[in-house]
Structures are given as C-alpha cells and as structure tokens.
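J.: return atomic coordinates for the entry below.
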Amino acid sequence: MTFANRDGYIWMDGELVDWRDAKTHFLTHSLHYGLSVFEGVRAYHNTASGTCIYRLEDHTKRLFNSAKILQLEVPFSQDEINSAHREVVRVNNLKEAYIRPLVFLGSQGMGLRAKDLQVHVGIAAWEWPSYMSPEALEAGIKVRTSSYTRHHVNITMCKAKASGNYMNSMLALREALDSGCDEAMMLDNEGYVAEGSGENFFMVRDGVIYTPDLTSCLDGITRDTIFKLAADHGFDVREKRITRDEVYICDEAFFTGTAAEVVPICEYDGRVVGTGKRGPVATTLQSGYFNIVKGENAKYAHWLAPVAE
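T.: All right, here's what the predicted structure looks like:
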C-alpha cells in the first residue's frame, strides 16, 4: 500500500478529505521550489489519558516560526492547527501515530517572481512505530561523517524546518546507507560536528553531556526534552563546538529526534564509541524519555495533549 492509496482522512485547509482525494496540482509552487515548512509530531498511548500528542503546542509554535522565517502567512491560528492535529488522529482511529503538518504554496503562479500565491496547510497522520529498527534503541547504530556539509546560516535559514533544506539530509543519509552505515553525521562549514540527517547529537565524556550549539542545527524539541531530563537526573549539559575526533574518544554518543526518539551510537567512522553499546547515560535518558511520552512522569504531564473530545 502506497502513501497515496490508503483508507482514512487528511486535514486540508480546514476540512477533512478522503485520504485518496488529498491531492495538489502538478504546478504547485512548493513542489517545484521547495518553499514549504513542516513538522514531525508523534502521538503515544497511555493508560491514564489514552492517546496523547507529545509537545503539540511546541511543535505548532515551531511550525509557525518556520513559516514566519520564510514569509509564509499561515491562514489559521495556532489553536486551530492544534485542534486539527487532534482531529486527524482521532478520525483515523490511531492509537499511536506519526503526524505530518505541512505549510506550502499553491499553484496560482509559477516562477521565482510569482506573487499572490495561496498558502495551504495539510495535516496527515499514520502508524509509524519506529523510525529505525527497534533493536537500534538498545544495540545502537553505525554512523559515518558525511561528505555533504550542513547548511551555513547565510545559505539557508537553519532555524526553519523547511522542506527544501532536507535535500541536503537525504543526500547525506543515502551516502551513509550505501556505505553500510545507519545514519550520517553532518559537519558545519567549519568542520565541526553539527547533527545527523534528521537528529540532534549528544556525546558524553567524563560524566558531562555535550551537544553542538545551534548555529547550523535545528532547535530540536526532543533535544530540549533531553536538557530538562538531564537536569532532573543531575547531569551537566554543555553546548560547545565539537570536533569529530572528540566523538571518537567519548564515552557515549546518541542522537535525538521526534522520529528517532533517543538512539545510541555504537560506532562512528569505523571507531567503536565507548563500549560499543548503549551506555548508562543514554539508557537513563532514553528510559526517562519514554516515561514522559507514555504519561508515566507527572512532572511533564502538561506536554501531553489528549486527542479525545
């Protein structure tokens, strides 16, 4: 079954439409030029509140910030978009879900000088249990440095989760997969570690957690969760420039992201990272993360948005 041929509904410009009818024209401007923004959001089920969307308001806020950066005026309020997320999960009877909102330009004109283009918003949701293999959450993944450089801040807008930015990610990931690895590590234009193709990066050395500053990196929502979880467990988290040889000799390393969740790195550029398996810090933070999204940590219950009416 392809993504275009499924049962269910997609929210398009304020209305639920049959999944198979959620279509756009061939001359949709964003299809040709990549000027669109999106989010990746997840819903998890817990016994107390049923299905809940994790950090929905934060994802929607980032979606609107991305749109502002690219001068896209979203024709709905943030509250309306939040309600639409809940509705699309509910109407598709999803217990757990991956949710994809997309803001894009229509087909009212073509070319770089096109004016008065309509801004459209669509939201789809489907079952997507694991971005990587379930075994990777414990065993870890193999990573290699990409030959593709992460965007410079004056080349693309790095704080916008823009569709066009991800061509860079796809090239890097394909290169890594073709070489027998699971993920790519992308360096910034000065050669410092930036992030994975779709994840933020953390490493541990001598009990301290380090992560790259956000110059060329997306301000990850899961990244922010890890900051707060680390503080709860007494870990010191520091943002700094990281060289790849620092990663070679670190004690632990892991990626974070809404899709990837918290996944350990067992090998980087052919060097075993730490003991070659999930370390104690990653284990603690991974467990804590799943406790939060599953509704088992009352301190962060406000991050869970129930989809039930």
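
J.: the residue nearest to residue 6 when sequence neighbours are not counted - how many residues pack around it?
T.: Leaving aside its chain neighbours, residue 6 sits nearest to residue 19 (4.9 Å; criterion: CB to CB, 6 or more residues apart in numbering). The way it works is simple: take the backbone N, C-alpha and C, and place the C-beta from them, glycine included. With neighbours defined by other CB atoms under 10 Å, the count for residue 19 comes to 17.

J.: next one, pLDDT for residue 19 please.
T.: pLDDT, residue 19: 97.

J.: I figured it hits residue 2, correct?
T.: No. Judged on CB atoms under 8 Å, residue 19 makes no contact with residue 2 at a distance of 10.9 Å.

J.: how about the helices in the protein?
T.: 29-33, 56-69, 78-91, 136-139, 166-178, 221-232, 244-248, 280-293 (DSSP state H).

J.: ok, now which ones touch residue 125?
T.: By CB atoms under 8 Å, 6 or more residues apart in numbering, the residues touching residue 125 are 43, 85, 88, 89, 92, 94, 97, 98, 99, 100.

J.: can you lay out the residues you listed as a markdown table showing distance to residue 244?
T.: Below are these laid out as a markdown table (distance: CB to CB, whole Å):
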| residue | distance to residue 244 |
| --- | --- |
| 43 | 35 |
| 85 | 38 |
| 88 | 41 |
| 89 | 40 |
| 92 | 42 |
| 94 | 39 |
| 97 | 36 |
| 98 | 31 |
| 99 | 34 |
| 100 | 32 |
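
J.: make JSON lines from those and add distance to residue 73 and neighbour count to it.
T.: Shown next, in JSON lines, are the contacts of residue 125 (distance: CB to CB, whole Å; neighbours: other CB atoms under 10 Å):
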{"residue": "43", "distance to residue 73": "27", "neighbour count": "27"}
{"residue": "85", "distance to residue 73": "20", "neighbour count": "25"}
{"residue": "88", "distance to residue 73": "22", "neighbour count": "26"}
{"residue": "89", "distance to residue 73": "26", "neighbour count": "25"}
{"residue": "92", "distance to residue 73": "28", "neighbour count": "19"}
{"residue": "94", "distance to residue 73": "30", "neighbour count": "20"}
{"residue": "97", "distance to residue 73": "28", "neighbour count": "24"}
{"residue": "98", "distance to residue 73": "27", "neighbour count": "18"}
{"residue": "99", "distance to residue 73": "22", "neighbour count": "26"}
{"residue": "100", "distance to residue 73": "21", "neighbour count": "17"}
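
J.: show me which of the residues you listed is closest to residue 144.
T.: residue 98 (26.1 Å; CB to CB).

J.: show me what counts as buried in stretch 32-50.
T.: Buried residues in stretch 32-50, counted by 16 or more other CB atoms under 10 Å: 35, 36, 37, 38, 39, 40, 41, 42, 43, 44, 45.

J.: which residues does the second one contact?
T.: By CB under 8 Å, 6+ apart, the contact list for residue 36 reads 30, 72, 102, 103, 104, 105, 162, 163, 164.

J.: that one and residue 53, how far apart?
T.: 21 Å (CB to CB, to the nearest Å).
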